[in-house]
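1. I need the structure of the sequence given here:
(chains A and B)
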Protein chains: 2
Amino acid sequence: MNWAKEKLFQGILIDLGMTSSKTWIDELSTFLQPEQISTSYAVLEQHSRGESFDEGKMPDVVLFPESTTDVQAIIRFAYEKGIPVTPVAVNSSLEGHTVPLKAGISLDMMRMNRVKSFHPEDLLIVVEPAITYPEVNDYTRRSGLFFPIDPGAHASIGGMVSTNASGTMAVRYGVTSDYVIALEVVTPTGELIRTGSQARKSSSGYNLKRLFCGAEGTLGIITEVSLKLVGLPESASAARVPFKTIKDATEFVTSLIQAGLPIARCELVDAYSIRAANAYNGTNYPEEVTIFLEFHGNEQGVIADAHLAKDIAQHHGAGAFESSTDPRERQMIWQARHTVYYACLALNPGLSSISTDVTVPISKMPEVVELSLSAYRRAGFKASIVGHVGDGNFHLLIFYDASDKAAVERLEQAGHEMIVAALNSGGTCTGEHGVGIRKLKYMEEEHGLSLHYMKLIKQAFDPKGIMNPGKKLPE
Amino acid sequence: MNWAKEKLFQGILIDLGMTSSKTWIDELSTFLQPEQISTSYAVLEQHSRGESFDEGKMPDVVLFPESTTDVQAIIRFAYEKGIPVTPVAVNSSLEGHTVPLKAGISLDMMRMNRVKSFHPEDLLIVVEPAITYPEVNDYTRRSGLFFPIDPGAHASIGGMVSTNASGTMAVRYGVTSDYVIALEVVTPTGELIRTGSQARKSSSGYNLKRLFCGAEGTLGIITEVSLKLVGLPESASAARVPFKTIKDATEFVTSLIQAGLPIARCELVDAYSIRAANAYNGTNYPEEVTIFLEFHGNEQGVIADAHLAKDIAQHHGAGAFESSTDPRERQMIWQARHTVYYACLALNPGLSSISTDVTVPISKMPEVVELSLSAYRRAGFKASIVGHVGDGNFHLLIFYDASDKAAVERLEQAGHEMIVAALNSGGTCTGEHGVGIRKLKYMEEEHGLSLHYMKLIKQAFDPKGIMNPGKKLPE
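-> Below you'll find the predicted structure:
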């Protein structure tokens, strides 16, 4: 493989100190400590790959800032010299966001992972970008408050902000950017700005905060995030109900929302995945399209919500409706959903997996899911679906043999058909994973003339194009 | 008054056809119908004033577009000739957004007030900008869906998007921009763009949609809005409870949120206003700081919510807690809040009123409210407070004699003290009314270096500075 060879060669050069063309690396020690600078092959190699994307370049150097001051010094330096900067933290990105495409600096934020201050009386917490959301929730739990966005992977807050991550509770609690009350950002020209305030809402100034949310590190480096928190609900009920078709299941969920039920989580799992989960867990749930629900509120309220949901399910031809408010039983009710990934993995030993996401208008979900499944089936793959039905966002999880070049090509073609179907339905090519590298080619079709204005913004903020180059917007 | 004389003079000139310096007006009829163009004095004069701001210029012409095509033709024309354009619809703005500062075109959107399409199965509606939110809710009610933002005045959706309006239900349902799923916009250079999609969430592209939300017409003209809708709750409970101090009342609300109670509305009314409401309605509610609450959900849930709220109120030294789920009784419980404005008006016959808004961190609200009241008291005014306590946003309503120049100056000085106190507490100079003209002078202090990036965006979108000039950003 050329790619591996090139990396190895780069690595040998660097390990031998043969970085003659990169004399700027020596200058870094004028403002960083030695332990904040790495050019070791292992570290560079580790910073050249993403979770499911490994076609990047080796960075020239990996830097580990420990403070906003460090970040600002690094970016000023990079701006002056025109050196590309690719930020990374937990590196759970699925679309290649953290992969350097033009070498330069890999800016590893992992040492900036502290809670800066916690203000339970203002329902907010101020954190550094590399703290993960489970760590935030561990920190705040005793106050009765929590950060309600749960994308699955143990993502960093900075990464979640940068992709505008969401997950299973978006139908009730929204997306990451809904909880970002203020940001501190080092801009691509090395200026330090604050956007937003400690007030929970504002109509003052342009909404720069929302522009940085989902910008995938292309408009600056986030060095501090102030997050709104919400109260932990007193009680929760969980439910699981099977349907004959994806259409029945989706229409059931739309009816729930129209009936004013405040769904907290709402997940669709397809029959194939339930079969996998049964095999994996030794359970015998009906092997049909299944909806998993959760309601948050007080005990009386969540029981009544589940009762009403059951009535509505029967109108949509549902099978047996299981529900409970007991924490252990709730866990069991959701078990099949929680184990989908590992269950499908167990059915496909030795294969690589890829997960991709689109979002479509809710009513178009059955059609687009069928089209997508059929595309992957024709291409010779089994795909399992996990859908956040309440907001029309779904993921396909596909297993494939990464060493089979023809299979990889067929996989990409099927993915292309899925995205085209989503866009044709009035949807978007990504609901929560972000654009990264893989979805760049859909930006023109999805955004049309708006793309021109996005590029004007990028140009205004990052005149030298040093900030995470090659991501988010096509060049 | 110079201002009135100038207007009259301009009006006479125009009525006599003496618009020699504005020959471009004649060219408008090449692409608009005669009934879409007005230079009559009465129409120009009406379009020179806002709800509580009347220091603008007369526009040269008022245009009434009836379609996106009309808007695009007008803006292309204005861009080519460098003519200022000030958009307006219902004109309920409180900060002078709709007042032409540089004459030119007043773009009256009122004829673009149709529902374009309604998609209950996708929980969304597509409307033109001048439809009001009560009209949207009349349209959707039978489907069980509604648009939950209620800023009070019968505002247009386009105006609400442009100021990112919110109101009494923001604590539960958020702000206008949270419901904007897609926008069609004619940019200041006359290009037609679409931003967002019919998908309920997306991580694709930069969030231009949120940039237009709250841009107060300075980045383009919104010609179509796709709005998310939510389900009407099955049931609601209302409650009213008095407290000794604003601090007690605020801490009570913070405790409610920390306890996970899903408050739908939460309003604070001060003792002075309750006294006014008692006089006005012939009621005898305790003349103390009073919190008005509403919970949405199922019958069992909202009763339990009110019970828990009552328990928590007692821990904060509350007076009698009244609550009900009966629609008529709910109305009565909220009566004093709903009549505050008219009750205070009745106490101050013949005076002008001004309402201003700031938002502060929740825990800072008692302190900033006290500081603000004291500033107005020292200046010789009585002020009544209405606060959206759940999100730290509060309004002062002040009555004054507009013909007393010294009083107007003292009023402005007290308003300045209030805003400085809000900013010093970590808050924002406006939570929902927007910047318009009056709050321009606080942009530098509130946004610091961020303001530079806002100006870069304005410059990129509107290179000739024709779009609502003199608003939102200081020049």
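2. From here on, just use CA atoms for contacts and neighbour counts.
-> OK.
3. so A:Leu94 makes contact with A:Glu51?
-> Yes: applying C-alpha atoms under 8 Å as the test, A:Leu94 and A:Glu51 come out as touching, 5.5 Å apart.
4. would you list every one of the helices in the stretch 101-250 of chain A?
-> For the stretch 101-250 of chain A, the helices defined by DSSP state H, counting those that start in this stretch occupy A:133-140, A:157-163, A:170-173, A:208-212, A:246-258.
5. Provide a list of residue ranges in chain A with pLDDT below threshold.
-> Filtered on pLDDT under 70, chain A yields the residue ranges A:1-21, A:52-54.
6. quick check: longest helix of it.
-> helix A:405-424 (DSSP state H).
7. Point out the other helices and strands that it packs with.
-> Secondary-structure packing of helix A:405-424 (3 or more C-alpha pairs under 8 Å, 6 or more residues apart in numbering or on different chains; DSSP states H and E): strand A:352-359, helix A:365-378.
8. Next, count neighbours for A:Lys57.
-> Neighbourhood size, A:Lys57 [other C-alpha atoms under 10 Å in any protein chain shown]: 21.
9. can you check A:Asp178 too?
-> Neighbourhood size, A:Asp178 [other C-alpha under 10 Å]: 18.
10. Name the surrounding residues that touch stretch A:284-291.
-> Applying C-alpha atoms under 8 Å, 6 or more residues apart in numbering or on different chains, the external contacts of stretch A:284-291 come out as A:240-246, A:249, A:266-272, A:274-275, A:278.
11. That one: how far from the chain's middle?
-> In terms of C-alpha atoms, centre = their mean, to the nearest Å, the centre of stretch A:284-291 is found 27 Å from the chain centre.
12. distance between the ends of that stretch?
-> 16 Å (C-alpha to C-alpha, to the nearest Å).
13. Ok, stretch A:169-176 next?
-> 11 Å.
14. cool, stretch A:343-356 as well?
-> Across stretch A:343-356, first to last residue, C-alpha to C-alpha, it's 18 Å.
15. ok, that stretch near chain B or not?
-> No: figure legend: stretch A:343-356 not in contact with chain B (C-alpha under 8 Å from any C-alpha of the partner chain); closest approach 12.6 Å.
16. what's the most buried one of the helices of the stretch 101-250 of chain A?
-> Among the helices of the stretch 101-250 of chain A, helix A:157-163 has the highest mean neighbour count (mean count of other C-alpha atoms under 10 Å in any protein chain shown), at a mean of 29.
17. Give the other helices and strands that that one contacts.
-> Packed on helix A:157-163, when contacts are counted by 3+ C-alpha pairs under 8 Å, 6+ apart, are strand A:221-228.
18. tell me the angle the strand it packs on makes with helix A:133-140.
-> 50 degrees (axes from the mean of the first three to the mean of the last three C-alpha atoms, to 10 degrees).
19. which residues in the stretch 251-400 of chain A form helices?
-> A:271-281, A:299-315, A:327-333, A:335-338, A:340-347, A:365-378.
20. Now do the contacts for A:Ala103.
-> Residues in contact with A:Ala103 (C-alpha under 8 Å, 6+ apart) are A:Lys57, A:Met58, A:Pro59, A:Asp60, A:Pro84.
21. Likewise for A:Lys458?
-> Counting by C-alpha under 8 Å, 6+ apart, A:Lys458 makes contact with A:Thr218, A:Leu219, A:Gly465.
22. So A:Pro100 lies in a helix, does it not?
-> No: counting by DSSP: H, G, I helix; E, B strand; the rest coil, A:Pro100 is not found in a helix; it is coil.
23. Might you name the residue of the stretch 301-450 of chain A sitting closest to chain B?
-> A:Gly301 (3.6 Å; C-alpha to the nearest C-alpha).
24. need the contact list for that residue.
-> Taking C-alpha under 8 Å, 6+ apart, we find A:Gly301 in contact with B:Gly297, B:Asn298, B:Glu299, B:Gln300, B:Gly301, B:Val302, B:Ala304.
25. Now do the fourth one against chain A, distance only.
-> Spelled out, it's B:Gln300. 5 Å (C-alpha to the nearest C-alpha, to the nearest Å).
26. so how far is A:Glu299 from that residue?
-> To A:Glu299, B:Gln300 is 9 Å away according to C-alpha to C-alpha.
27. One more: the second one?
-> In this structure, B:Asn298 lies at 12 Å from A:Glu299, with C-alpha to C-alpha as the measure.
28. next one: the first one
-> B:Gly297 sits at a distance of 13 Å from A:Glu299 (criterion: C-alpha to C-alpha).
29. Between those two, which is the more surrounded one?
-> Legend: neighbour count by other C-alpha under 10 Å for B:Gly297 and A:Glu299, higher for B:Gly297 (25 against 18).
30. Save the helices of the stretch 101-250 of chain A as a markdown table, and put in distance to B:Ala259 too.
-> What follows is the helices of the stretch 101-250 of chain A, written out as a markdown table (distance: least, C-alpha to C-alpha, whole Å):
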| stretch | distance to B:Ala259 |
| --- | --- |
| helix A:133-140 | 13 |
| helix A:157-163 | 24 |
| helix A:170-173 | 16 |
| helix A:208-212 | 29 |
| helix A:246-258 | 25 |
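31. Compare those and report which one is nearest to B:Phe77.
-> Minimum separation from B:Phe77 across the helices of the stretch 101-250 of chain A (C-alpha to C-alpha) falls at helix A:208-212, 29.9 Å.
32. how about that closest one, does it reach chain B?
-> Yes: remark: helix A:208-212 sits within contact range of chain B at A:Leu208, A:Arg210, A:Leu211, by C-alpha under 8 Å from any C-alpha.
33. helices or strands next to that helix in the packing?
-> Checking 3+ C-alpha pairs under 8 Å, 6+ apart, helix A:208-212 ends up next to strand A:180-186, strand A:192-196, helix B:208-212.
34. Try it again at 6 Å.
-> If you count contacts as 3 or more C-alpha pairs under 6 Å, 6 or more residues apart in numbering or on different chains; DSSP states H and E, helix A:208-212 packs onto no helix or strand.
35. Tell me who's in contact with A:Thr176.
-> For A:Thr176, the contact set (C-alpha atoms under 6 Å, 6 or more residues apart in numbering or on different chains) comprises A:Val161, A:Asn164, A:Ala165, A:Ser166.
36. If we use 8 Å, what do you get?
-> By C-alpha under 8 Å, 6+ apart, the residues touching A:Thr176 are A:Ile149, A:Met160, A:Val161, A:Asn164, A:Ala165, A:Ser166.
37. tell me the domain ranges of chain A?
-> Domain assignment of chain A by automatic domain parsing yields the ranges A:2-108, A:115-231, A:235-340, A:348-434.
38. Most tightly packed of those?
-> By mean count of other C-alpha under 10 Å, the domains of chain A have domain A:115-231 as the most buried, with a mean of 23.
39. distance between the ends of that domain?
-> For domain A:115-231, the separation between the terminal residues is 19 Å (C-alpha to C-alpha).
40. Stretch A:165-183 now?
-> Terminal residues of stretch A:165-183 lie 16 Å apart, using C-alpha to C-alpha.
41. next one: that stretch to chain centre, how far?
-> Centroid displacement of stretch A:165-183 relative to its chain, using C-alpha atoms, centre = their mean, is 11 Å.
42. gap between A:Thr359 and A:Ile385?
-> Counting by C-alpha to C-alpha - A:Thr359 and A:Ile385 are separated by 13 Å.
43. and for the two, which residues touch both?
-> Common neighbours of A:Thr359 and A:Ile385 (criterion: C-alpha under 8 Å, 6+ apart): A:Phe394.
44. who in the stretch 251-400 of chain A is up against chain B?
-> Applying C-alpha under 8 Å from any C-alpha, one finds that the stretch 251-400 of chain A approaches chain B through A:254, A:257-262, A:297-302, A:304-305, A:359-363, A:391-393.
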